[in-house]
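have a look; sequence and predicted model below, questions after that.
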Amino acid sequence: MRRLPLIAAVMFATLLLATLIACGGGTKEQAATTPEGIAPAPGAPAAAPPPGESGPPQEIIDKALALVAEREKIDLANLSLAAGTTNDYPLSGKLAYSFKVVDASTDKLYAISLDADGAEADPEELLAGEEKAYTDKYGNLEADLFDKLKSAPPDEPIGVIIRLKEPPYSPPPLPDINKKPLTDAEADAYLKLADEKRAEAVLAITKPALDEIRSMGFEAEADKYTPALSARLKPDDIRKVEGLKGLERIYEVVQFEQTVDIARQVVHADVLNTRGFTGTNEKVGEVEVGGKINTDNPNLSGVTQDTNNSCLTDHAAAVAGIIRSTNSTVRGVAPDASLWIGGSCSGYTDQLEFAANLAADWGANVLNNSWAYTGCIFKTDVNKFMDDLVATRSHSVVFAAGNRGNSDGCVTSPALAYNVIAVGASDDANTTDWSDDTVASYSSYKDPTTTNNDREEPDVMAPGTNFQSTKNADPWTGDVGSGTSYAAPVVTGVIADLFQRAPSLRILPAAVRAILMATAAHNIEGDARLSEKDGAGEIVAQWADDIIQNVNGTFWGGSYSTGWASPLDFPISYALAADRPTRIVLTWDVDTSYASYSSKPSGDLDMQIIDPSGNMVASSASFDNNYEIVYFSPATSGTYKVRIIRSRWSTDVTRGMSYAVFQGDPALLPTPVPPTPTFTPRPIPTATKTPGPAATSTRTATPTKTRTPGPSPTPKPPTKTPKPGTPRPTRGLPTPYM
């Protein structure tokens, strides 16, 4: 790799009860035992609306504030907007607006939705109406498949995924890793239990459906861990299968395409390697379009390959090298990890999903995926598969965001799955100096269409431009091009290194995502909190490793369900220091059985940060992300709290949840700035309260780096350092890998 591959980064019922009690959660009675702290004083600033929203009309905003004031018996002057979106329901012809309103006298958050006429509306009813309109138009078929059947030859078989309805499913209770970290054996035992329980639950759904399809005279195969069947059926046969009991929707099997030194040093994965964490004993899966390498490459010896449906590709070899090349100069991010490679030579959905299951069954705890759907669309079937792999089997999944930055900009599926880590690509200019880093022009950044249109992807960024990596022919290393394909395995390798440091993370994919996002404080573009093209920022492996050790921050990992109180306060175990830039990220996993999964996540949690005096000093309240993020500087030192507010939890299942806290060196990070609201909020009376520190910032400002960052606590020198012994690859248009 021109860039030496970079960084990466439940069990028994009684243990679940212990986890919930320890975290201040569980039933409402249990939650009452959790210290709630001093009642927050009014007047702390609310978060600005999430990035990317256009904003409802002012008269609708005024109406929303007035209705909340009337409904909650609150002084209208105390209300202001925390977030607001415009919601379009095209099939049913409806328009609505959703708001989150903060009361300055109590810091409480209220949600309200209005229709186009300004009357209060139920967003779940609007979504149900849109789903009915979809069914009325397309039946139980994916829209693209419905259109294809209109002109498909009657005797031509079409590959389909038959997705089945699933009752609420929660994985085995998580052990309380916050009290006692897991050993390797304990983490592996949980993952084995999670697989066994998931397979048992899925079999109960797929077996009756498979028997019914076979009784129709058709052949199909059932997935072991996802409630879905795959088959090749003629158009008339597909229409017959529409009558299958328990059918959710039928999707066409489509083809996916591929998406790709000094990178290892840029993200400070070399620091992890120096600390002794090189992925030893960790198992990594690589799922590819292609999916086969030349095992004669001495830099990739010991790789396990699956030959089902796979063929030799240079892309697979390049990605494999970024993860675990043992070459002394073109070195992988996790050179001592074990690697499994497989995939689909043709890029078919069912074959790629089959390969992902094989990788997980082999023991891979993190899966790298440098492939994507060619279209700008939310592919529900494959996105659900990947989200299930994370939420019900506890595997971390990494995806390249796509290489459409120079065309429509769309982040591609399955990187649009909620629970995966979507990775964009940067250009590090072949130096370890952060000041010359830019967002790669090809890197996808355009967000998906959702109910409230405020979802922000990609999650993080890593170097992806002009790589040197491993190849399938002698001399075995060389230029392999550019792409988000090569940024993703940098993150995957870092995750493997972090798993070696803390085996407990193997069963907590939500925590892995929170840690990487919280420490992705190398801001390349836009606002330092969250911005359009680099998401939370470029990952910094060293800082991720720090907070795992409770250095410069900390993290909490567990699960969440409707049994938890709301609001719920978590005292941060790491005492925050005043005047240090602080990033806090809350993440949670999504339930794929939620009826409106394609439109928005199954849960909407908001986050407030409470200072030692009980004042709210930062908040984040998006609608369609399954994470919240703040960036602020504490005014005082002491014990702060993460306050979690349940705006919506439209599922009966338990899902993984985590938060991570990172405090950076003020000399290395941009100074947090106050938000610039998209809306014009009503002024908060100054007589009621003295304003606290600035709230989380928005993407409107672009802070200027004042110093070239390097591994903390000692900054790298600002001189540019080209990669030794490797000539600078020719620049130009990036290789269109995904």
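Arrived safely, thanks for sending.

just the strands in the stretch 501-650 of the chain please.
In the stretch 501-650 of the chain, the segments counted as strands under DSSP state E, counting those that start in this stretch are 553-560, 568-571, 582-588, 603-610, 616-620, 627-632, 641-649.

okay, now the sheet partners of the first one, with direction.
The pairing partners recorded for strand 553-560 under DSSP bridges are strand 655-663 (antiparallel).

relative to the whole chain's centre, how far out is the partner strand?
The chain centroid and the centroid of strand 655-663 are separated by 12 Å under CA atoms, centre = their mean, to the nearest Å.

mind checking the pLDDT average for it?
Average pLDDT, strand 655-663: 98.

CA atoms only: put that strand into PDB for me.
Only the C-alpha atoms of strand 655-663 are listed here, as PDB (Å, rounded to 0.1, in the frame of the first residue of the first chain):
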ATOM      1  CA  ARG A 655     -30.400  -3.300  20.800                       C
ATOM      2  CA  GLY A 656     -26.700  -2.400  21.400                       C
ATOM      3  CA  MET A 657     -26.000   1.100  22.500                       C
ATOM      4  CA  SER A 658     -22.800   3.000  23.500                       C
ATOM      5  CA  TYR A 659     -21.300   6.400  24.100                       C
ATOM      6  CA  ALA A 660     -17.600   7.400  23.800                       C
ATOM      7  CA  VAL A 661     -16.000  10.600  25.200                       C
ATOM      8  CA  PHE A 662     -12.700  12.100  23.900                       C
ATOM      9  CA  GLN A 663     -10.800  15.100  25.100                       C
END
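
now the angle from that strand to strand 582-588?
Angle of strand 655-663 versus strand 582-588, following axes from the mean of the first three to the mean of the last three CA atoms, to 10 degrees, is 170 degrees.

is Gln351 in a helix, a strand, or coil?
Classification of Gln351 by DSSP: H, G, I helix; E, B strand; the rest coil places it in helix.

count of neighbours near it?
Residues lying near Gln351 (other CB atoms under 10 Å) number 25. Every residue, glycine included, has its C-beta placed from N, CA and C.

do the one 10 residues further on as well
Neighbour count of Asp361, defined by other CB under 10 Å: 15.

residue contacts, it?
Asp195 (CB atoms under 8 Å, 6 or more residues apart in numbering).

at 10 Å what do you get?
Listed by CB atoms under 10 Å, 6 or more residues apart in numbering, the contact set of Asp361 reads Asp195, Ala199, Lys224, Tyr225, Gly285, Trp340, Arg393.

these: which two are farthest apart?
The span of these, defined through CB to CB, is set by Ala199 and Trp340 at 19.3 Å.

same drill for these two, tell me which one is more crowded.
Using other CB under 10 Å, the more surrounded residue of Ala199 and Trp340 is Trp340, with 22 against 15.

would you verify that that one is located in a helix?
No: using three-state DSSP, the assignment for Trp340 is strand, not a helix.

so for it, what pLDDT did the model give?
98.

for it, give the beta-bridge partners.
When assigned by DSSP bridges, Trp340 has beta-bridge partners Gly285, Thr304.

ok, it to Ser370 distance?
Trp340 sits 15 Å away from Ser370, taking CB to CB, to the nearest Å as the criterion.

show me which of the contacts of Asp361 are buried.
Burial by neighbour count, 16 or more other CB atoms under 10 Å: within the contacts of Asp361 this picks out Asp195, Lys224, Tyr225, Gly285, Trp340, Arg393.

what residues are up against the second one?
Right, the one you point to is Lys224. Applying CB under 10 Å, 6+ apart, the residues near Lys224 are Asp195, Arg198, Ala199, Val202, Leu203, Thr206, Phe354, Asn357, Leu358, Ala360, Asp361.

please, which helix or strand holds the first one?
Spelled out, it's Asp195. helix 184-215 (DSSP states H and E).

mean confidence for that helix?
Regarding helix 184-215, the rounded mean pLDDT is 97.

following element in sequence after it, please.
Using DSSP H and E, the helix or strand that follows helix 184-215 in sequence is strand 221-222.

that following strand: partners in the sheet, and parallel or antiparallel?
The pairing partners recorded for strand 221-222 under DSSP bridges are strand 228-233 (antiparallel).

pull out the buried positions in the partner strand.
Within strand 228-233, the residues scored as buried using 16+ other CB under 10 Å are Ala228, Leu229, Ser230, Ala231, Leu233.

out of those, the closest to Asn550 would be?
After measuring the buried residues of strand 228-233 against Asn550 - CB to CB - the closest member comes out as Ala228, at 41.5 Å.

contacting residues around that closest one?
Per CB under 10 Å, 6+ apart, neighbours of Ala228: 161-164, 166, 202, 205-206, 209, 220-222, 248, 251, 350, 353, 381, 384-385, 388.

could you do Gly243 as well?
Counting by CB under 10 Å, 6+ apart, Gly243 touches Asn140, Glu212, Met216.

any chance of those residues in TSV, plus neighbour count?
Shown next, in TSV, are the contacts of Gly243 (neighbours: other CB atoms under 10 Å):
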residue	neighbour count
Asn140	18
Glu212	17
Met216	13
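
distance to Thr274 added to those, as a markdown table?
Below are the contacts of Gly243 laid out as a markdown table (distance: CB to CB, whole Å):
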| residue | distance to Thr274 |
| --- | --- |
| Asn140 | 55 |
| Glu212 | 58 |
| Met216 | 61 |
